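Q: return atomic coordinates for the entry below.
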Amino acid sequence: MSNLTPKCRAAVLILVAGMASACSSMHDYTNSKPENMSITPDVRKGSALMHVYDVDNKCDLHYQGTVELSGAKLKVGIPVSKLSYLEFIFSDTSIFTGSHSTSYGMYLTPRSGNQYDATVNYIDGMYYAKIHEQDSRGGTRHEVQRTVPKPCLKVNAGDKQ
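A: The predicted structure follows:
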């Protein structure tokens, strides 16, 4: 940094401080019991995260923590019989295109005893996130549809889906 002008040095310091403060509000997600969701990530370039939110009766989102989706398959616990919002964040940085990110979110109310499998891919700038539910009695496995609960339709119109 010694070769930078004072204005450039100040700009770099402000940028670094801003990035640090943005990250400081994130924290690891503390699992609920039981661990009812298996996540299989395939992230080949960039990064993928899953933010977990509780949803209150006014449909306001309350941040609970973040799960880093890199490496091997992992298990997390999403609260049973309680509405949650899962937001998958995919980001990448390149010298030529700069940094960019996109998100994909969905509401989920896990059922007692059921298991959930999430497949999360971020390959060559293309993302994919799907959740499947397996009935506790060994019933059929089906994809969890991405919908907004009726009470939240008016509250979150235009926000997260």
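Q: tell me how many other residues crowd Gly77.
A: 16 (other Cβ atoms under 10 Å). All C-beta spots, glycine's among them, are computed from the backbone N, C-alpha and C.
Q: tell me the bridge partners for the closest residue to Glu143 other than its chain neighbours.
A: Excluding the flanking residues, the one nearest Glu143 by Cβ to Cβ, 6 or more residues apart in numbering is His132, at 5.5 Å. His132 forms beta bridges with Asp117, Glu143, as assigned by DSSP bridges.
Q: distance of His132 from Tyr122?
A: Separation of His132 from Tyr122 (Cβ to Cβ, to the nearest Å) stands at 19 Å.
Q: related to what we said a few turns ago, ok now do the residue nearest to Glu143, which residues does it touch?
A: If a contact means Cβ atoms under 8 Å, 6 or more residues apart in numbering, then His132 has Tyr116, Asp117, Ala118, Thr119, Arg141, His142, Glu143, Val144 as its contacts.
Q: please report the distance of it from Glu68.
A: From His132 across to Glu68, the span is 22 Å (Cβ to Cβ).
Q: the spatially most central residue of the chain bridge partners, please.
A: Centroid-nearest residue in the chain: Met50, 2.2 Å away (criterion: Cα atoms, centre = their mean). Note on Met50: beta-bridge partners by DSSP bridges are Val67, Phe88.
Q: now do the contacts for it.
A: With contact taken as Cβ under 8 Å, 6+ apart, Met50 is in contact with Tyr29, Ile39, Thr66, Val67, Leu69, Leu86, Glu87, Phe88, Ile89, Ala118, Val120.
Q: switch to 6 Å and redo it
A: Contacts for Met50 (Cβ atoms under 6 Å, 6 or more residues apart in numbering) come out as Val67, Leu69, Leu86, Phe88.
Q: among these, which pair sits farthest apart?
A: Leu69 and Leu86 (11.2 Å; Cβ to Cβ).
Q: how about the strands in the protein?
A: 37-43, 47-55, 61-68, 74-76, 84-94, 98-108, 115-123, 126-134, 141-143 (DSSP state E).
Q: in the chain, which segments are predicted with low confidence?
A: The chain contains residues with pLDDT under 70 at 1-24, 154-161.
Q: go again with 50.
A: 4, 7-23, 160-161 (pLDDT under 50).
Q: who's in contact with the closest residue in space to Ala48 that isn't next to it in sequence?
A: Closest residue in space to Ala48, ignoring its immediate chain neighbours: Leu69 at 4.1 Å, by Cβ to Cβ, 6+ apart. Listed by Cβ under 6 Å, 6+ apart, the contact set of Leu69 reads Pro41, Ala48, Met50, Val120.
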